[in-house]
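S.K.: please find the sequence and the predicted model below.
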Amino acid sequence: MQDYGVNCLKGTVMQAYELKDSRVDWMGSIPIHWGIDRLKDVSHLRDEKTATKSSDEDYLELEDLSQWTGKILNKRNTLEVASQVNIFYEGDVLFGKLRPYLAKYSNSEHSSAAYKSMT
């Protein structure tokens, strides 16, 4: 059976592929040659932290990320942060693990620091 799959993340129509059920409700059908893995099984969790205070506007809290878009809405300094924060580097993917259903993520374009529940 051939069908046109719709890429749910970008809203574009792909070329004709045989489809299978992804067994993920929101994802629907996917091309038969695709696999599905959990993010934690295909990525490395960075556990580097710092307590260094800085006036640089390079710190992110969970509410600084837009849902489902990957856009950074705001940056802050760490002068008033009471605890250690995670360090991230250029090219890292930031993901809010506190409430993953909010789909708050970003692809880091520079090295910086993030709230402890964001990895």
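M.R.: Done, it's in.
S.K.: domains of this structure?
M.R.: 3-36, 39-119 (automatic domain parsing).
S.K.: so of these, which one's packed in deepest?
M.R.: domain 39-119 (a mean of 14; mean count of other Cβ atoms under 10 Å). Every C-beta, even on glycine, is put in place using the N, C-alpha and C of the backbone.
S.K.: torsion angles phi and psi at the one residue sitting closest to the centre of the chain?
M.R.: The structure's the chain has its C-alpha centroid closest to Tyr105; by Cα atoms, centre = their mean the separation is 3.0 Å. When read as degrees, to the nearest 10, the backbone of Tyr105 gives phi -150, psi 160.
S.K.: which residue ranges of the protein form strands?
M.R.: 3-7, 12-17, 19-21, 29-31, 49-50, 59-60, 85-88, 93-95, 105-107, 112-114 (DSSP state E).
S.K.: so what are the sheet partners of the third one and their directions?
M.R.: By that I understand strand 19-21. strand 29-31 (antiparallel) (DSSP bridges).
S.K.: doesn't Ser108 make contact with Asp58?
M.R.: No - counting by Cβ atoms under 8 Å, Asp58 does not reach Ser108; the two are 10.5 Å apart.
S.K.: circling back to that earlier point, the nearest residue to the residue nearest to the centre of the chain once chain neighbours are set aside and Ile72, how far apart?
M.R.: Nearest residue to Tyr105, sequence neighbours excluded (Cβ to Cβ, 6 or more residues apart in numbering): Phe95, at 4.7 Å. Counting by Cβ to Cβ, to the nearest Å, the gap from Phe95 to Ile72 is 13 Å.
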